[in-house]
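S.K.: one predicted model, sequence on top.
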Amino acid sequence: MSEFFRFVGYAFIDDTDVIQSALKDDPEAARLQLQEAIDTWEFSLKATCGAIVPEKTVWWLVSFQWSGSSWKYAGILDSPGELFVNDITNTRKPIKRLEPYQAYETLGVFLAPDGNLDEQFHKMLTAATKWADNLRTGVISRDEVWLALQSTILRTLAYPLPAIRLTKAQCEAIIAPILRYCLLAMGVCRNFPRRLVHSTLDYMGLDIRHLFFYRKS
């Protein structure tokens, strides 16, 4: 049994996502309806002394094409089209369009319509590596290393987990530079069994949560 539904969008403070779909497989119809929705949204913001900043706004068109053996996301060349919005001076400007595989940061998390998490993975890996390098060049006690680990970088890495689905291998790659520094800094052999590293204190572990299971509890 099929069911039709309409999903308008969602907003958090000034970060708003407007979603438009068509009842039929017609990307152009969806684009025209979205243009109307954008104009209505922009006009409503002006009425409450707000405005849309075109330079901070992007859009995607999600459509599919048959490649001969499987379905694929249609690119900009496959389904051309533009959207426009008035800026604070009522100047009509184009909105930047991204390909379905291109991620954009929303509320601190990089997401792409096709579901790939390459950009978000790179961001988390970079944050972990930079954190480990910063602490490596400082001088803090063993207890302070564990406290810093639990109260700073692990909180940072845990923040996007409810919105993404990294593989176990990706999670271990992200935490690797942190463990390389932290284990030695805490007086623990760097080859300490990872099962104990990620186990709780009740089982004589180090209570360093594995990112792959962090969101599950």
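M.R.: Arrived safely, thanks for sending. Residues are numbered from 1 along each chain as shown.
S.K.: how about the worst-scoring helix or strand of the chain on mean pLDDT: buried residues?
M.R.: Across the helices and strands of the chain, mean pLDDT, DSSP states H and E gives its lowest value to strand 9-12, namely a mean of 73. Judged by neighbour count using 16 or more other C-beta atoms under 10 Å, strand 9-12 contains no buried positions. The way it works is simple: take the backbone N, C-alpha and C, and place the C-beta from them, glycine included.
S.K.: where is the longest helix in the chain?
M.R.: If you go by DSSP state H, the chain has its longest helix at helix 27-47.
S.K.: which strands or helices does it pack on?
M.R.: strand 15-18, strand 84-86 (3 or more C-beta pairs under 8 Å, 6 or more residues apart in numbering; DSSP states H and E).
S.K.: residues contacting residue 201?
M.R.: residue 207 (C-beta atoms under 8 Å, 6 or more residues apart in numbering).
S.K.: returning to that earlier point: now the helices and strands packed on helix 27-47 as JSON lines including mean pLDDT?
M.R.: Shown next, in JSON lines, are these (pLDDT from 0 to 100):
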{"stretch": "strand 15-18", "mean pLDDT": "83"}
{"stretch": "strand 84-86", "mean pLDDT": "95"}
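S.K.: before we move on, the earlier item: CA-only coordinates of the least confident helix or strand of the chain in CSV, if you can.
M.R.: Written as CSV, here are the backbone C-alpha positions of strand 9-12 (Å, rounded to 0.1, in the frame of the first residue of the first chain):
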residue,chain,number,x,y,z
GLY,A,9,11.3,21.2,6.3
TYR,A,10,12.9,21.9,9.6
ALA,A,11,14.5,24.8,11.4
PHE,A,12,16.8,25.3,14.4
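S.K.: what lines up beside it in the sheet?
M.R.: Strand pairing for strand 9-12, determined by DSSP bridges: strand 15-18 (antiparallel).
S.K.: now do the strands in this protein.
M.R.: 9-12, 15-18, 58-59, 64-66, 71-73, 84-86, 92-94, 96-97, 104-106, 109-111 (DSSP state E).
S.K.: got a list of contacts for the least confident helix or strand of the chain?
M.R.: Strand 9-12 has contacts (C-beta under 8 Å, 6+ apart) with 16, 17, 18, 19, 107.
S.K.: one more time with 10 Å, if that's ok
M.R.: If you take C-beta atoms under 10 Å, 6 or more residues apart in numbering as the criterion, strand 9-12 is touched by 16, 17, 18, 19, 20, 37, 41, 106, 107.
S.K.: any of the residues you listed buried? List them.
M.R.: With burial judged by 16+ other C-beta under 10 Å, the buried subset of these is 20, 37, 41.
S.K.: once you drop chain neighbours, what's closest to the first one?
M.R.: When you say that, I think you mean residue 20. residue 34 (3.8 Å; C-beta to C-beta, 6 or more residues apart in numbering).
S.K.: dump the residue contacts of that neighbour.
M.R.: Contacts of residue 34 by C-beta under 10 Å, 6+ apart are 18, 19, 20, 21, 22, 59, 61, 81, 83, 95.
S.K.: closest to residue 157 out of these?
M.R.: Of all the contacts of residue 34, residue 19 has the smallest distance to residue 157: 28.4 Å, by C-beta to C-beta.
S.K.: what's across from the closest residue to that closest one other than its chain neighbours in the sheet?
M.R.: Spatial nearest neighbour of residue 19, excluding adjacent residues (C-beta to C-beta, 6+ apart): residue 9 at 4.8 Å. Residues in a beta bridge with residue 9, per DSSP bridges, are residue 18.
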